[in-house]
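J.: Okay, structure incoming, though there's no sequence with it:
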């Protein structure tokens, strides 16, 4: 009985790193070391809290622009009017070279939940969104992320 427990534990521990590797959905944190960006010869630390604040500020500013108080994003020719549910703070990434990634959940008036991927640039306090994409609708992915030669690319969902 003890032998079976030891063998089961050893097998589980052996496959755990592979499970984590293959379950990766969004870009990993770069392995360059500390997150930072240089500006004017001085280093500015960009933390995940800065990225989170930057995406929240962008969403808030965009919702104030419209008369309906919603965040608008284009998807397949439609204008989606969305409300922020949450920012996935566990998926915020420094992609290097002053580029950052954020993932958020938003809800439409029809009750559908949209997972939106945001790409940002800039420094703490002045981050700008450069691209958005609808990643999932009600949990169903429209595409996935795959790393090839150190670069993350969108691939069709299987």
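T.: Nice, thanks for sending it over. Everything numeric here is computed off the predicted structure, so don't read it as measured data.

J.: Quick one: mean pLDDT over the helix or strand containing residue 147.
T.: Per DSSP states H and E: residue 147 is located in strand 143-148. Across strand 143-148, pLDDT averages out at 88.

J.: Show me where the chain dips below the pLDDT cut-off.
T.: 1-44 (pLDDT under 70).

J.: quick one, helices of this protein?
T.: 2-22, 48-65 (DSSP state H).

J.: If residue 114 is in a bridge, with which residues?
T.: Note on residue 114: beta-bridge partners by DSSP bridges are residue 106, residue 137.

J.: Ok, residue 96 next?
T.: Beta-bridge partners of residue 96, as defined by DSSP bridges: residue 99.

J.: what's around it, how many residues?
T.: By other Cβ atoms under 10 Å, 14 other residues sit near residue 96. Glycine gets a C-beta too; all of them are placed from N, C-alpha and C.

J.: cool, the one 5 residues further on as well?
T.: Burial measure for residue 101: 21 neighbouring residues, criterion other Cβ under 10 Å.

J.: Does it touch residue 119 like I think?
T.: Yes: counting by Cβ atoms under 8 Å, residue 101 touches residue 119, with 6.0 Å between them.

J.: Can you check which residues contact both of those two?
T.: Between them, residue 101 and residue 119 share these contacting residues under Cβ atoms under 8 Å, 6 or more residues apart in numbering: residue 95.

J.: Could you report the separation of residue 148 from residue 55?
T.: Residue 148 sits 26 Å away from residue 55, going by Cβ to Cβ, to the nearest Å.

J.: Of the two, which one has the most company?
T.: residue 55 (25 against 8).

J.: how many neighbours does the closest residue to that one other than its chain neighbours have?
T.: The shortest distance from residue 55 to any non-neighbouring residue, by Cβ to Cβ, 6 or more residues apart in numbering, is to residue 102 (4.1 Å). Residues lying near residue 102 (other Cβ under 10 Å) number 27.

J.: Can you give me the distance of residue 102 to residue 136?
T.: Residue 102 is 15 Å from residue 136, by Cβ to Cβ.
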